[in-house]
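Undergrad: generate a structure from the sequence data that follows.
(2 chains)
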Number of protein chains: 2
Amino acid sequence: MSPTAPVTTSAPETRFERRLAKILGHATAIFCEKGYECASMRDLSRSSGMSLAGLYYYFESKEKLLYLIQKHYFTTVMTLLRERLEDVVGAEEPLRTFIVNHLEYFLSSPAATKVLSHEDDVLEDELGTEIRAIKREYYHSCTDLVDALKKEQSLEFNTRIAVLSLFGMMNWLHTWYNPRVDGDPRALARHIGDVFLRGIYSATTTL
Amino acid sequence: MSPTAPVTTSAPETRFERRLAKILGHATAIFCEKGYECASMRDLSRSSGMSLAGLYYYFESKEKLLYLIQKHYFTTVMTLLRERLEDVVGAEEPLRTFIVNHLEYFLSSPAATKVLSHEDDVLEDELGTEIRAIKREYYHSCTDLVDALKKEQSLEFNTRIAVLSLFGMMNWLHTWYNPRVDGDPRALARHIGDVFLRGIYSATTTL
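TA: Predicted coordinates:
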């Protein structure tokens, strides 16, 4: 990461970091509202109350801003996951933990989740390559857990399609989740984990 | 539907209908590329080679255009579904048919699928109300099939979360589907149906 972009998963400490975190918050809201393509640096200037020159001191382009938002998002969710997995044993519980962690973080950051979901394929060149690598790492942290369960239980299924289906179940959620109807993220994670892990036929048929 | 918007699921027949279908194709491509918010009628004029005045003869606003795209999409997928379900019996096969129909149509219209997925909540007033009603009807055609299976097999699960998870599995697909790796839509529908219907535990545990 370049020295001008010290976004970390811990609380920002220097004045520069605090200011950058604040800009990222405004940028996320604007990208969410107008779409990345349509949002301008002028919009961000208005929303943050900073001059264009001031903004360019913190990052050199709109692409860099989207990169920082994506990097921060995936780095954070992966750090939280690693911390949670430290105390978890067995083959099913780690996968349940992955689902809870994903849902809790994604639902607690709805604007960023929408931006990431919509602007998934926008970044190119090195920035895009770096983000794709982080996302691949996150994806593999899930396939590793699924493969461990598959091996332990001698299951037969297509890991790639199963894992990407699981991501679909989780990532589509921001379009329909209603806490009053569907419960808190932890309850929802339990339901989704049930659909994924046991399927609706589990205990009643031997298909 | 207003008399100026005769979009049907059958091939367009009059000159007016053919021209409107062509405009909808251009509009879908532009909304997909630039995002609905950012796309202008001027962009559409350039892309379609029609004057602004000419465009306004076919529909009165950008909102109306998005409405027509969405309406056409859901009306078509529901008509195809009804036709397919006519010859299907049992409780599981109709649900499998729903999945195949959804995937085949959605994967054959990637630009429209992306537009619908991104601009899901844009329309307001009567246009939005009408689209939400059509989508609700489509959603219920799926919950009806799932409830029929649930009843026949005496299963216990949350229908709403299960069905919306299934939509997530299917609707997220446009972000990762690769025909060379994942097979054709029919093969994919079989895999996704397996994950959904049987779950990865189905035959090996009695959770």
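Undergrad: in the lengthiest helix in chain A, which residues are buried?
TA: Identified as the longest helix of chain A according to DSSP state H is helix A:125-152. Using 16 or more other C-beta atoms under 10 Å in any protein chain shown as the test for burial, helix A:125-152 gives A:127-128, A:131, A:134-135, A:138, A:141-143, A:145-146, A:149-150. Glycine gets a C-beta too; all of them are placed from N, C-alpha and C.
Undergrad: now stretch A:49-60
TA: A:50, A:55, A:58, A:59.
Undergrad: farthest pair in those residues?
TA: Spatial extent of the buried residues of stretch A:49-60 (C-beta to C-beta) is set by the pair A:50 and A:59 at 11.8 Å.
Undergrad: who touches both of those two?
TA: residue A:23 (C-beta atoms under 8 Å, 6 or more residues apart in numbering or on different chains).
Undergrad: sorry, back to before: does chain B sit close to the next helix or strand along the chain from the longest helix of chain A?
TA: Next along the chain after helix A:125-152, taking DSSP states H and E as the criterion, comes helix A:159-171. Yes. Counting by C-beta under 8 Å from any C-beta of the partner chain, chain B is contacted by helix A:159-171 at A:160, A:161, A:162, A:164, A:165, A:167, A:168, A:169, A:170, A:171.
Undergrad: okay if I get those as a markdown table plus distance to residue A:197, neighbour count and pLDDT?
TA: Listed next are the residues of helix A:159-171 next to chain B as a markdown table, based on distance: C-beta to C-beta, whole Å; neighbours: other C-beta atoms under 10 Å in any protein chain shown; pLDDT from 0 to 100:
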| residue | distance to residue A:197 | neighbour count | pLDDT |
| --- | --- | --- | --- |
| A:160 | 17 | 16 | 90 |
| A:161 | 15 | 23 | 87 |
| A:162 | 10 | 22 | 87 |
| A:164 | 16 | 24 | 92 |
| A:165 | 12 | 27 | 90 |
| A:167 | 15 | 18 | 93 |
| A:168 | 15 | 23 | 92 |
| A:169 | 12 | 28 | 90 |
| A:170 | 13 | 24 | 92 |
| A:171 | 18 | 21 | 89 |
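Undergrad: what is the nearest of those to chain B?
TA: residue A:168 (3.0 Å; C-beta to the nearest C-beta).
Undergrad: what sits against that closest one?
TA: Residue A:168 is in contact with B:168, B:169, B:170, B:171, B:172, B:173, counting by C-beta under 8 Å, 6+ apart.
Undergrad: can we see that at 7 Å?
TA: Residues near residue A:168 by C-beta atoms under 7 Å, 6 or more residues apart in numbering or on different chains: B:168, B:169, B:171, B:172, B:173.
Undergrad: sorry, back to before: which of the buried residues of helix A:125-152 come close to chain B?
TA: Filtering the buried residues of helix A:125-152 for proximity to chain B by C-beta under 7 Å from any C-beta of the partner chain leaves nothing.
Undergrad: as a markdown table, those with pLDDT would be great.
TA: Listed next are the buried residues of helix A:125-152 as a markdown table, based on pLDDT from 0 to 100:
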| residue | pLDDT |
| --- | --- |
| A:127 | 89 |
| A:128 | 90 |
| A:131 | 91 |
| A:134 | 92 |
| A:135 | 92 |
| A:138 | 95 |
| A:141 | 96 |
| A:142 | 95 |
| A:143 | 94 |
| A:145 | 93 |
| A:146 | 90 |
| A:149 | 87 |
| A:150 | 85 |
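Undergrad: next, give phi and psi for residue A:88.
TA: Main-chain dihedrals, residue A:88, degrees, to the nearest 10: phi -110, psi 130.
Undergrad: ok, residue A:31 to chain B distance?
TA: 10 Å (C-beta to the nearest C-beta, to the nearest Å).
Undergrad: repeat that for residue A:176.
TA: For residue A:176, the distance to chain B - C-beta to the nearest C-beta - is 5 Å.
Undergrad: my guess is that residue meets residue B:163, correct?
TA: No. Residue A:176 lies out of contact with residue B:163 (C-beta atoms under 7 Å); the separation is 9.9 Å.
Undergrad: in chain A, mark out all the helices, start to finish.
TA: A:15-34, A:41-48, A:52-58, A:62-85, A:92-108, A:110-118, A:125-152, A:159-171, A:179-182, A:185-198.
Undergrad: contacts for the first one next, please.
TA: Helix A:15-34 is touched from outside by A:6-7, A:12, A:39, A:43-44, A:47-48, A:55, A:58, A:65, A:68-69, A:72, A:111-112, A:114-115, A:119, B:37, with contacts defined as C-beta under 7 Å, 6+ apart.
Undergrad: now the last one
TA: By C-beta under 7 Å, 6+ apart, the residues outside helix A:185-198 that reach it are A:92, A:96, A:99-100, A:103-104, A:107, A:166, A:169-170, A:182, B:157-158, B:161-162, B:165, B:199-201, B:207.
Undergrad: out of those residues, which are buried?
TA: A:92, A:96, A:99-100, A:103-104, A:107, A:166, A:169-170, A:182, B:157-158, B:161-162, B:165, B:199-201.
Undergrad: what about residue A:38, neighbour count?
TA: Counted with other C-beta atoms under 10 Å in any protein chain shown, the neighbours of residue A:38 add up to 16.
Undergrad: can you check the one 3 residues further on too?
TA: Neighbour count of residue A:41, defined by other C-beta under 10 Å: 15.
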